[in-house]
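Enquirer: Here is my input; please provide its structure:
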Amino acid sequence: MTFDLIKNGLVLGSVYLLFSAGFTLVFGAFNVLNLAHGAIMTLGAFIGIYVDNVLGLPIGVSLLAAAVGGGAVNAFLDAAVLRPIVRSARTDAGSQELIPIVVTLSFGTILIGLLVQTVRAVDFTYKRAEFLAQPLSIGGTTISSLAIAIILSAVILTGLVSFVINKTRAGMAVRAVAEDRLMASALGIQPNSVSASIFFVSGALAAICGVLVGILYSNVSVGIGDQMLLFGFVIITIGGVGSLAGTAVAAIFIGMLQTVANNFFQSFVVDLIVFSALLLTLLVRPSGLFGKAVLSAGIARR
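Expert: Numbering: from 1, shown residues only. Next up, the predicted model:
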């Protein structure tokens, strides 16, 4: 395997990790499959485009604005849309699990529709990210600044989220709400604030991913989040729902697998290989590679 294949696989895997970390965080903590996650990624990419193209600010500001915007919209989804609808629903347990899927899918569709009306589905490019294309020489090999930035962003951000969840009082509050929402509330923890915070972090990671993907592929379109959502679901299923470590391993694995397969096969064969890996994992280990009760996946949101 050549250095270029390894590098490209790590970059793609890091993109998947940035996207999937927030996806599995919400799913693992609150049993919510947030199908608006891809739309939040797309929104983040276009916020970055606006800051870059219209305001003319540095790419770092684009990333920050995208993170804040994507996180805020995702938190709004949780606090103003998802929770009130789930709370007011009088249904059986099966429907209680279906409602968040329908709500987040609808919210994401509306968000994409608004973006289409705003940007007219035209592709855009980042104008102030050219410096990230500059090659760097490391140990006799060359790698772009962008590739390094994507890999470091994925490692640092997901590592920080993992540290907060597992090693801090804030993370203890998240785990308490995930295990027993009513008991956590009785202990003085505010479950609504915790869930809004988790949704904010999840949206921020997706939005940052959107900006980096837009730079990586030199354009942004309203459809960039669709396929990412599908592969995000594959990754968190293989890795184990609620496990950031499992998500990281699965993201890098799928990124490397796709990159190597793309070098030898057509795209439909690559998809066949990826989804065969998913089915094989489910057959051998239905809970995923690292699947365990890291964060409870059975908490009803009331």
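Enquirer: Tell me, how many residues neighbour residue 225?
Expert: By the measure other CB atoms under 10 Å, the count of residues near residue 225 is 29. Backbone N, C-alpha and C define where each C-beta goes, glycine included.
Enquirer: got the phi/psi numbers for it?
Expert: For residue 225, the backbone dihedrals (degrees, to the nearest 10) come out as phi -90, psi -10.
Enquirer: And the closest residue in space to it that isn't next to it in sequence, how close does it get to residue 191?
Expert: Excluding its sequence neighbours, the residue lying closest to residue 225 (CB to CB, 6 or more residues apart in numbering) is residue 38, at 3.0 Å. Separation of residue 38 from residue 191 (CB to CB, to the nearest Å): 26 Å.
Enquirer: What of residue 125?
Expert: 42 Å.
Enquirer: Among those two, which residue is more densely surrounded?
Expert: Taking other CB under 10 Å, residue 125 and residue 191 do not tie; residue 191 has more neighbours (22 against 14).
Enquirer: shouldn't that one be in contact with residue 184?
Expert: Yes: at 5.8 Å, residue 191 and residue 184 qualify as touching, with contact defined as CB atoms under 8 Å.
Enquirer: Identify the contacts common to those two.
Expert: Common neighbours of residue 191 and residue 184 (criterion: CB atoms under 8 Å, 6 or more residues apart in numbering): residue 177.
Enquirer: in what helix or strand does residue 127 lie?
Expert: Under the criterion DSSP states H and E, no helix or strand holds residue 127.
Enquirer: distance of it from residue 232?
Expert: 28 Å.
Enquirer: Can you verify my assumption that residue 255 contacts residue 15?
Expert: Yes: Residue 255 is within contact range of residue 15, at 7.3 Å (criterion: CB under 8 Å).
Enquirer: Which helix or strand contains residue 288?
Expert: Judged by DSSP H and E, residue 288 forms part of no helix or strand.
Enquirer: Begin at 25, not 1, for the rest of this chat.
Expert: All right, first residue 25 from here; so that's residue 312.
Enquirer: what about it, neighbour count?
Expert: 23.
Enquirer: Hmm, residue 305 and it touching each other?
Expert: Yes: contact criterion CB under 8 Å: residue 312 and residue 305 qualify, at 6.8 Å.
Enquirer: Just confirm residue 166 is within a strand.
Expert: Yes: if the criterion is DSSP: H, G, I helix; E, B strand; the rest coil, then residue 166 is within a strand.
Enquirer: Now it: closest residue in space, sequence neighbours ignored.
Expert: residue 159 (4.4 Å).
Enquirer: For that neighbour, list the residues it contacts.
Expert: Here residue 159 is in contact with 166-169 (criterion: CB under 8 Å, 6+ apart).
Enquirer: Reformat those as JSON lines; add distance to residue 53, pLDDT and neighbour count.
Expert: As requested, these are exported to JSON lines (distance: CB to CB, whole Å; pLDDT from 0 to 100; neighbours: other CB atoms under 10 Å):
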{"residue": "166", "distance to residue 53": "41", "pLDDT": "78", "neighbour count": "13"}
{"residue": "167", "distance to residue 53": "35", "pLDDT": "82", "neighbour count": "18"}
{"residue": "168", "distance to residue 53": "35", "pLDDT": "84", "neighbour count": "16"}
{"residue": "169", "distance to residue 53": "34", "pLDDT": "87", "neighbour count": "14"}
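Enquirer: my guess is the residue nearest to residue 249 contacts residue 247, does it?
Expert: No: Residue 62 is not in contact with residue 247 according to CB under 8 Å; the separation is 9.2 Å.
Enquirer: Tell me how far the residue nearest to residue 249 lies from residue 105.
Expert: 17 Å.
Enquirer: Looking at the two, which is more packed in?
Expert: Taking neighbours as other CB under 10 Å, residue 62 and residue 105 compare with residue 62 leading, 26 against 16.
Enquirer: That one and residue 180: what is the separation?
Expert: For residue 62, the distance to residue 180 - CB to CB - is 23 Å.
Enquirer: Can you show me the helices along the stretch 25-174 of the chain?
Expert: Applying DSSP state H, counting those that start in this stretch to the stretch 25-174 of the chain gives helices spanning 27-54, 61-73, 83-100, 107-112, 117-143, 169-191.
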